[in-house]
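Provided below for reference: sequence and predicted model.
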2 protein chains.
Amino acid sequence: MSIVKKILIADDEPDILEIIQFNLQAEGYEVITAKNGDEAIDAAKKNQPDLIILDIMMPGKNGIEVCNILRMQPAFNDTLIVFLSALSDEQTEIRGLETGADDYLTKPIRPKILVSKVSALFRRLNKDKDETEIVQLGDLVIDREKYMVKYKGNDIILARKEFELLALLASKPGKVFLRNEILNQVWGTEVIVGDRTIDVHIRKIRQKLNLDCITTVKGVGYKFEL
Amino acid sequence: MSIVKKILIADDEPDILEIIQFNLQAEGYEVITAKNGDEAIDAAKKNQPDLIILDIMMPGKNGIEVCNILRMQPAFNDTLIVFLSALSDEQTEIRGLETGADDYLTKPIRPKILVSKVSALFRRLNKDKDETEIVQLGDLVIDREKYMVKYKGNDIILARKEFELLALLASKPGKVFLRNEILNQVWGTEVIVGDRTIDVHIRKIRQKLNLDCITTVKGVGYKFEL
DNA sequence: ATTTGCGTTAACAATTTGATAATACACGGA
DNA sequence: TCCGTGTATTATCAAATTGTTAACGCAAAT
């Protein structure tokens, strides 16, 4: 999931669409809109949004149908889906939740509530992702699962040792890692390598990142700082 | 997280407590109750529930305070917290969500809504992949049921292992699958095959798809990316 | 009985990575 | 300033890892 969250809104009322779009964009989200269920499905497949807000009552496919269709595809397993409806009808709400929605909003829209709910949902999603070990530090993203480093949106290819070394240092920004600590964590206790080896890898990281984020502490070790 | 989910309910009104307890137990959840904020904290630490339902208005510590206290502890990072309140006051709701709650329920309690929301929350929390049949990723369609892959509308015939390997990689686009993961998922733990086997299958997939979508991460594994 | 295709492995080529040595540089203290 | 200590840089080579091709055994289909 990128840093800027993508949100798809599907509603047949242009006013509603605009209100929601305005409020979410004001919070820094990227917003895509759709005017009916079929458009929503197309847009979802095309854009892979992080969150989809579906009006239940729409011409053509209604929100619940759209949700069912999307939830059948693994690509949308991790996509948040929220329903939106004028009905405060209990039955509909239940049907929505059982379909696999993550939340439910009733009209009239109260923008602050909407924004709060959206950020609460993302907060939870981010916690799930934390287990998969993603570190984000300013413009730098270190993703252990994807084994990738991004700086200002650009992918940076690091070799294994380089990646592990960077990941270690970045795991506790500011902490000075002694050379011994680094050897144990990255190389293990079995292997024995010379001191210069660390320097060389540090250098390669600095070079590839082209970013002054690893500080040498002479006679002690290295630390990561933005 | 165990299979039977533990839910802690904290409310100072015994009636409410009982209604909720009854309905959740009927759904197969294990329910613990607390009569005030302090009891809730004790019970939470002791039982490590999967979900905590907190009444906001309680004698002693109120629900928001309890939430704050728990959220400060890493042990409760993954615990779902839902607020419960008679207030349909917008401000309170926002405060609750910003505190780190995952949802918000208003009294009067409607048991079916409650149960639905709870299961919706757990559904999201469970990363259990309900492997569905059809995946669409850009121009690539993977149909598990038909054991078929389509690229830009053209059918591509993959052998079983090839298909399963591709399906695995595509199930989490971007994730790097270690060679061991691949062996376990595609070949199982029983069979033992050589290292080159994976390479060869990867190569065949690349060849048949004629699409640069599988990236080698040297010393680590492979990942799928469009 | 023969053909066909799959899964596997062996053998070798190609590539990438990691470690080291040699050398240059920076900095503080005598 | 000159020296000693510790780090940076570069080039080089060995080792690890993967890519590629061909061949073999086997089972299902013909």
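Everything's here; your move. Here the structure is a predicted model, which is why all the values come from computation and not from measurement. Numbers count the residues shown, from 1 in each chain, chains lettered A, B, ... in the order given.

what residues does chain A put near DNA strand C?
Taking Cβ under 7 Å from any atom of the strand as the contact definition, chain A meets DNA strand C at A:157, A:159-162, A:187, A:191-194, A:196-197, A:200-201. C-betas here are computed from N, CA, C, even on glycine.

on the three-state scheme, the closest residue to residue A:10 other than its chain neighbours is what?
Spatially, and ignoring its direct neighbours in sequence, residue A:10 is nearest to residue A:40 (3.7 Å; Cβ to Cβ, 6 or more residues apart in numbering or on different chains). Under the three-state scheme (DSSP: H, G, I helix; E, B strand; the rest coil), residue A:40 adopts helix.

look up how far residue A:172 lies from residue A:37.
Computed as Cβ to Cβ, to the nearest Å, the residue A:37 to residue A:172 distance reads 48 Å.

residue A:201: neighbouring residues, count only.
Number of residues near residue A:201 (other Cβ atoms under 10 Å in any protein chain shown) recorded here: 19.

same thing with residue A:150?
Applying other Cβ under 10 Å, I find that residue A:150 has 17 neighbouring residues.

can you pull the contacts of it?
A:140, A:141, A:143, A:156 (Cβ atoms under 8 Å, 6 or more residues apart in numbering or on different chains).

can you list the buried residues in the strand or helix carrying residue A:33?
Using DSSP states H and E, residue A:33 falls within strand A:30-34. For strand A:30-34, a neighbour-count test (16 or more other Cβ atoms under 10 Å in any protein chain shown) marks A:31, A:32, A:33, A:34 as buried.

hey, what's the last one bridged with?
By that I understand residue A:34. residue A:10 (DSSP bridges).

can you tell me how far it is from DNA strand C?
In this view, residue A:34 and DNA strand C are 40 Å apart by Cβ to the nearest atom of the strand, to the nearest Å.

I'd say that residue and residue A:12 touch.
No: using Cβ atoms under 8 Å, residue A:34 is not in contact with residue A:12, being 9.4 Å away.

so after the helix-or-strand element of chain A with minimal mean pLDDT, what's the next helix or strand?
Across the helices and strands of chain A, mean confidence by mean pLDDT, DSSP states H and E is lowest for helix A:90-99: a mean of 57. Under the assignment DSSP H and E, the closest C-terminal helix or strand after helix A:90-99 is strand A:103-106.

which other helices and strands does that next one contact?
Where contact means 3 or more Cβ pairs under 8 Å, 6 or more residues apart in numbering or on different chains; DSSP states H and E, strand A:103-106 is packed against strand A:80-85, helix A:90-99, helix A:111-130.

can you dump the C-alpha atoms of it in PDB for me?
C-alpha atoms of strand A:103-106 as PDB (Å, rounded to 0.1, in the frame of the first residue of the first chain):
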ATOM      1  CA  ASP A 103     -18.100  -0.400   8.500                       C
ATOM      2  CA  TYR A 104     -21.400   1.300   7.900                       C
ATOM      3  CA  LEU A 105     -22.200   5.000   7.600                       C
ATOM      4  CA  THR A 106     -25.700   6.500   7.400                       C
END
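
distance check, the spatially closest residue to residue A:11 that is not a sequence neighbour against residue A:12.
Spatial nearest neighbour of residue A:11, excluding adjacent residues (Cβ to Cβ, 6+ apart): residue A:55 at 3.9 Å. Between residue A:55 and residue A:12 the computed distance is 7 Å (Cβ to Cβ).

compare the two (neighbour count), which wins?
residue A:55 (27 against 16).

contacts only, for that one.
With Cβ under 8 Å, 6+ apart, residue A:55 has these contacts: A:10, A:11, A:12, A:13, A:16, A:63, A:83, A:84, A:85.

got the residues of chain A near DNA strand D?
A:195, A:196, A:199, A:200, A:202, A:203, A:206, A:216, A:218, A:219, A:220, A:221.

hmm, which of those residues are the buried ones?
By 16+ other Cβ under 10 Å, the residues of chain A next to DNA strand D give A:202, A:221 as buried.

dump the residues of chain A next to DNA strand D into a markdown table; add pLDDT as well.
Output for these, formatted as a markdown table (pLDDT from 0 to 100):
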| residue | pLDDT |
| --- | --- |
| A:195 | 86 |
| A:196 | 91 |
| A:199 | 92 |
| A:200 | 92 |
| A:202 | 93 |
| A:203 | 93 |
| A:206 | 93 |
| A:216 | 91 |
| A:218 | 88 |
| A:219 | 87 |
| A:220 | 89 |
| A:221 | 91 |
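
among the residues of chain A next to DNA strand D, which are located in strands?
A:216, A:221 (DSSP state E).

just the contacts of residue A:150 now: which is nearest DNA strand C?
DNA strand C lies nearest to residue A:156 out of these, by Cβ to the nearest atom of the strand, at 11.8 Å.

one step back: next, give phi and psi for the residue nearest to residue A:11.
phi -70, psi 140 (degrees, to the nearest 10).

tell me if I'm right that residue A:141 and residue A:152 touch.
No: counting by Cβ under 8 Å, residue A:141 does not reach residue A:152; the two are 9.6 Å apart.

report the beta-bridge partners for residue A:105.
residue A:84.

now the contacts of residue A:55: which count as buried?
Of those, these count as buried by 16+ other Cβ under 10 Å: A:10, A:11, A:12, A:16, A:63, A:83, A:84, A:85.

from these, which single one is nearest DNA strand D?
Of the buried ones among the contacts of residue A:55, the one sitting nearest to DNA strand D (Cβ to the nearest atom of the strand) turns out to be residue A:10, at 41.1 Å.

distance of that closest one from DNA strand C?
Following Cβ to the nearest atom of the strand, the distance that separates residue A:10 from DNA strand C is 41 Å.

show me what contacts that residue?
For residue A:10, counting by Cβ under 8 Å, 6+ apart, the contacting residues are A:33-37, A:39-40, A:43, A:52-55, A:58, A:63, A:66.

where is pLDDT lowest across the residues you listed?
Across the set of the contacts of residue A:10, residue A:63 stands lowest in pLDDT, at 83.

go ahead and confirm that residue touches residue A:69.
No: judged on Cβ under 8 Å, residue A:63 makes no contact with residue A:69 at a distance of 10.8 Å.

do you know how far the closest residue to residue A:66 other than its chain neighbours is from residue B:137?
Closest residue to residue A:66 apart from its sequence neighbours, by Cβ to Cβ, 6+ apart: residue A:37 at 4.6 Å. Separation of residue A:37 from residue B:137 (Cβ to Cβ): 22 Å.

so which of these two has more stuff around it?
residue A:37 (23 against 18).

from chain B, how far off is the more buried one?
Counting by Cβ to the nearest Cβ, to the nearest Å, the gap from residue A:37 to chain B is 17 Å.

and that residue, how far from DNA strand C?
39 Å.

any idea how far the helix or strand harbouring residue A:46 is from the chain center?
For residue A:46, the host element (DSSP H and E) is helix A:37-47. Relative to its chain's centre, helix A:37-47 lies at 20 Å (Cα atoms, centre = their mean, to the nearest Å).
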